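> I'd like to go over a predicted model; first the sequence, then the structure.
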Amino acid sequence: MDLRYSASDEAFRTELRAWLERTLPDLPPRPSWDDWAGRRRYDTDWQRRLFDAGYAGINWPREFGGRDASPSEQLVYLEETTRARAPYVGVNFVGSLHAGPTIMTEGSDEQKARYLPPVLRGDEVWCQGFSEPGAGSDLAALRTNAVRDGDHYVVNGQKIWCSFAHIADYGELLVRTDPDAPKHRGITWLILPMDTPGIDVRPIDTVLGSSEFCEVFLDDVRVPVANRVGAENDGWRITQVTFAFERGTAFVSELVEARRMAEDLAAIARDPAHRHELGHVVAELDAVWALTKRNVSRAARDGSPGDGALMVKLAYSESRQKLGDLSVRVLDRSALDIDNEFVVERLRTLALTIAAGTSQIQRNIISERLLGLPREQPWTSN
Amino acid sequence: MDFELSDDQVALRDGIRSFCEGRFPIKRVRDGFDRAAHAELADAGVFSLRSDGFGVADAAVVFEELGRAVVPGPLVWLYLAHSLVDGVAGGLEVTGREPPWMVEHLDVLDTLLVVDDDGVRAVAAGTIAGAVPVGRPLDPLTPVHRVEQLPAGEQVGDGDLVARWRREGAVVTAAFLVGVAQACTDLSVAYAKERRQFDRPIGSFQAVKHILADMRVRAEVARASVHAAACTHDDREVDDVARAVAGAKMLAGEAAITNGKAATQVHGGMGFTWDVDVHLYLKRAWVLDTVLGSVDEHADAVAATLASP
């Protein structure tokens, strides 16, 4: 048990740090957080720079154009990019951390060759189409249906909470292909080209105002059967692969960012009561970072991050919200402005305990899978 | 970097776990700490870990198991003072406190180590006069005497030793507290699977299983924090040891206390009884939060390592 990075990790750090020092001063000015066209331009430009320098797809295998960095190098990458205040993954989130890894694991060779390289280069942006108005925590209850018509599926239905749908080229889409099967067994995973006729994207006004979230209405949308990832009706299993990525790794960059924000908050927090609470939250975030290192170590040993990955999301999201609450108290009346970085974050992070599986669903999963507790049983009237 | 337990550490953990299961079942633990218990723990090498060449990370692995078994005694002081004094030693931190001093395990001690910012004084237990036993100590397994006046004793360590003890002692105490937090989780999960109400195990109710999930996560987060602090203690270049240690003791104390209370809740009325073991864990957690820095003190200590305006 140790926390010492290897000599090759440190060499990677030195090289990356030098690249960041050379590159970051040349970046264009950051767009406003609700300028979505500008954010697409900015984030994909950053992705392209990463690609050209060989840092894109840091955790992706080389055969798909990634760097195939060791888990500890991935941590170094996150530490250094955060320290240097480099751009966040942004609009590339779904492509590089969600759809990409899913296609890598479950897609055909043609799909891998077609869809993975443009994600790495920042040429194509992806969005998510999983949740529906009637299928949130109970995702498997989704009703958007796909009916086979020759070499196409004809898709009808409505998706919600589709991150970046208004600026995306492709969507990862879950559809029901067998309405008669048990709900987990009739679902299929499709690649949806967002320029297909019949798609209507409407951005959702959230508590922040504008946001990355959209509603997507699908009206007789024809999706080639060739765009199916995995077998027909095997989409639920494939979705679990996606979720394993999302819950296991996708929050790590968020966590590193939160630790940086806590340091920034310390620099303006004077009140001893606030500092006391900040010490508390920082210890929690440090501990979740340590747990992440444990998961990474376990993954390096046996390919799976183990039980810890299930716990990181729950622990991180709750600590992050404490930091958000504290930050607006520190700001006092400067907090009456959404465009303050801390205020945006406080509002944005309200979603952390809801998105990607609510904290309540996480607790169900932890108690059933890790602790072996029985599922809640239905009540009978008596 | 490999932040998993090494094969040796897994063997160490399994060895001490089976030692505790064999020698310190809860029935014996309830009899409290005595010289026989001290001799067995000393023979097992619990107190001599450092002089036997083990690191603080190894000690954390061992003390977590002692915590799971809620083994009584001045274990952390015996570990810290191993090469300093012979016999059964206990500790008393006096910085920022006033008499009467609440001295633990006095009847079994040979030496009381009195710790303040300037150093460590060894006071022979036999020279302490006028000690009054507390009739009903908070933790029945941690007997306490009130002492109004302490003899000067003999200086056996300086401020540097105190600084080291405060770090290393906080890490192993935190490890013990993680064991307490884990044991509370395990006891509660087992009870929730077994106890039936409304014709079903109470562990099937989300209102109950969410408490249990939180206990599990709290213990795991605290464990990661304690192991990180221990590794940082063993290899100072990897991080800020002051911040890591303070965070670990804070989170472990909080996890043990919160899980102790949650375990009481999950056990329902039984959790409020003397015969069910849960209170022994919660009470030990409360005792250990007063040793080598409390949750509150360590939260401030973490904050002190951060930038300020």
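Yep, it's here. Residues are numbered from 1 along each chain as shown, chains lettered A, B, ... in the order given.
> Which helix or which strand is home to the closest residue to residue A:121 other than its chain neighbours?
For residue A:121, ignoring the flanking residues on the chain, the nearest one in space by Cβ to Cβ, 6 or more residues apart in numbering or on different chains is residue A:51 at 4.9 Å. Placement of C-beta: from N, CA and C, glycine included. Applying DSSP states H and E as the criterion places residue A:51 in helix A:36-53.
> Same check on residue B:248?
When elements are assigned from DSSP H and E, residue B:248 belongs to helix B:241-266.
> What helices and strands are in contact with that helix?
With contacts defined as 3 or more Cβ pairs under 8 Å, 6 or more residues apart in numbering or on different chains; DSSP states H and E, helix B:241-266 has these neighbours: helix A:272-302, helix B:159-194, helix B:206-234, helix B:278-289, helix B:295-304.
> Can you say which of the ones you listed is nearest to residue A:14?
With respect to residue A:14, and counting by Cβ to Cβ, the nearest of those is helix A:272-302 at 20.3 Å.
> on that earlier part again, burial check on the residue nearest to residue A:121, number of neighbours?
18 (other Cβ atoms under 10 Å in any protein chain shown).
> do you know how far the closest residue to residue A:93 other than its chain neighbours is from residue A:204?
Among residues not flanking residue A:93 along the chain, residue A:163 sits closest, at 6.9 Å (Cβ to Cβ, 6+ apart). Note on residue A:163: its distance to residue A:204, by Cβ to Cβ, to the nearest Å, is 10 Å.
> between these two, who's got more neighbours?
It is residue A:163, of residue A:163 and residue A:204, that has more neighbours when counted by other Cβ under 10 Å, with 20 against 15.
> in a strand, that's where that one is, yeah?
No. Applying DSSP: H, G, I helix; E, B strand; the rest coil, one finds residue A:163 to be coil, outside a strand.
> That one against residue A:216, yeah?
No. Contact criterion Cβ atoms under 8 Å: residue A:163 and residue A:216 do not qualify, at 10.9 Å.
> what about the residue nearest to residue A:362 when sequence neighbours are not counted, which SS state?
Take residue A:362 and drop its neighbours on the chain: the residue closest to it by Cβ to Cβ, 6+ apart is residue A:314, 4.4 Å away. With three-state DSSP as the basis, residue A:314 sits in helix.
> Can you name the residues that contact residue A:314?
Residue A:314 is in contact with A:359, A:362-363, A:366, B:213, B:217, counting by Cβ atoms under 8 Å, 6 or more residues apart in numbering or on different chains.
> Next to chain A in this structure, residues from the stretch 51-200 of chain B, please.
When proximity is defined by Cβ under 8 Å from any Cβ of the partner chain, the stretch 51-200 of chain B lies next to chain A at B:57, B:189, B:192-193, B:200.
> count of neighbours near the spatially closest residue to residue B:221 that is not a sequence neighbour?
Excluding the flanking residues, the one nearest residue B:221 by Cβ to Cβ, 6+ apart is residue A:287, at 4.7 Å. A total of 29 residues lie near residue A:287 under the criterion other Cβ under 10 Å.
> Name the nearest residue to the residue in the stretch 101-250 of chain A positioned nearest to chain B, sequence neighbours excluded.
Residue of the stretch 101-250 of chain A nearest chain B, by Cβ to the nearest Cβ: residue A:137 (11.9 Å). Spatially, and ignoring its direct neighbours in sequence, residue A:137 is nearest to residue A:361 (5.1 Å; Cβ to Cβ, 6+ apart).
> who does the host helix or strand of that neighbour touch, helix- and strand-wise?
Using DSSP H and E, residue A:361 sits in helix A:359-365. Secondary-structure packing of helix A:359-365 (3+ Cβ pairs under 8 Å, 6+ apart): helix A:307-331, helix B:206-234.
> Would you mark the buried spots in the last one?
For helix B:206-234, the buried set under the neighbour-count rule, 16 or more other Cβ atoms under 10 Å in any protein chain shown, comprises B:208-234.
> ok, and the closest non-adjacent residue to residue A:127?
residue A:168 (3.6 Å).
> So for residue A:128, what's the pLDDT?
As predicted, residue A:128 sits at a pLDDT of 93.
> Could you do the one 3 residues further on as well?
What the model reports for residue A:131 is a pLDDT of 95.
> burial count for it?
18.
> mind listing what the closest residue in space to it that isn't next to it in sequence touches?
Ranked by Cβ to Cβ, 6+ apart and with sequence neighbours excluded, the top spatial neighbour of residue A:131 is residue A:161, at 4.5 Å. Going by Cβ under 8 Å, 6+ apart, residue A:161 touches A:128, A:130-131, A:204, A:213, A:355.
> Tell me which two of the residues you listed sit farthest apart.
A:130 and A:204 (14.8 Å).
> hmm, who's touching the strand ranked longest in chain A?
Ranked by number of residues, the top strand in chain A under DSSP state E is strand A:214-224. For strand A:214-224, the surrounding residues in contact (Cβ under 8 Å, 6+ apart) are A:127, A:129, A:144, A:146, A:149, A:151-160, A:162-166, A:171, A:173, A:190-193, A:196-204.
> Mind doing that once more with 6 Å?
A:129, A:152-160, A:162, A:165-166, A:190, A:192, A:196, A:198-203 (Cβ atoms under 6 Å, 6 or more residues apart in numbering or on different chains).
> how about the CA coordinates for stretch A:315-326, as CSV?
Provided in CSV are the C-alpha atoms of stretch A:315-326 (Å, rounded to 0.1, in the frame of the first residue of the first chain):
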residue,chain,number,x,y,z
ALA,A,315,-19.9,10.3,-1.5
TYR,A,316,-18.7,12.8,-4.0
SER,A,317,-22.0,14.3,-4.9
GLU,A,318,-23.0,14.9,-1.3
SER,A,319,-19.7,16.4,-0.3
ARG,A,320,-19.8,18.6,-3.4
GLN,A,321,-23.1,20.0,-2.4
LYS,A,322,-21.8,20.8,1.0
LEU,A,323,-19.1,22.8,-0.6
GLY,A,324,-21.6,24.5,-2.8
ASP,A,325,-23.8,25.5,0.2
LEU,A,326,-20.8,26.7,2.1
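> List the buried residues in it.
Of the residues in stretch A:315-326, those buried (16+ other Cβ under 10 Å) are A:315-324, A:326.
> and chain B, which of those residues reach it?
residue A:315 (Cβ under 6 Å from any Cβ of the partner chain).
> now the buried residues of stretch A:315-326 as a markdown table including pLDDT?
Below are those laid out as a markdown table (pLDDT from 0 to 100):
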| residue | pLDDT |
| --- | --- |
| A:315 | 95 |
| A:316 | 95 |
| A:317 | 94 |
| A:318 | 94 |
| A:319 | 96 |
| A:320 | 96 |
| A:321 | 96 |
| A:322 | 97 |
| A:323 | 97 |
| A:324 | 96 |
| A:326 | 97 |
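> Looking at the buried residues of stretch A:315-326, which is nearest chain B?
The shortest gap between chain B and any of these belongs to residue A:315, at 5.1 Å (Cβ to the nearest Cβ).
> and stretch A:99-110, how far apart are its ends?
15 Å (Cα to Cα, to the nearest Å).
> So what's the model's average confidence on it?
Average pLDDT, stretch A:99-110: 93.
> neighbours around the residue lying closest to residue B:127 once chain neighbours are set aside, how many?
Once flanking residues are discounted, residue B:127 sits nearest to residue B:151: 4.7 Å by Cβ to Cβ, 6+ apart. When counting by other Cβ under 10 Å, one arrives at 14 neighbours for residue B:151.
> so how far is residue B:26 from residue A:361?
Distance from residue A:361 to residue B:26, by Cβ to Cβ: 36 Å.
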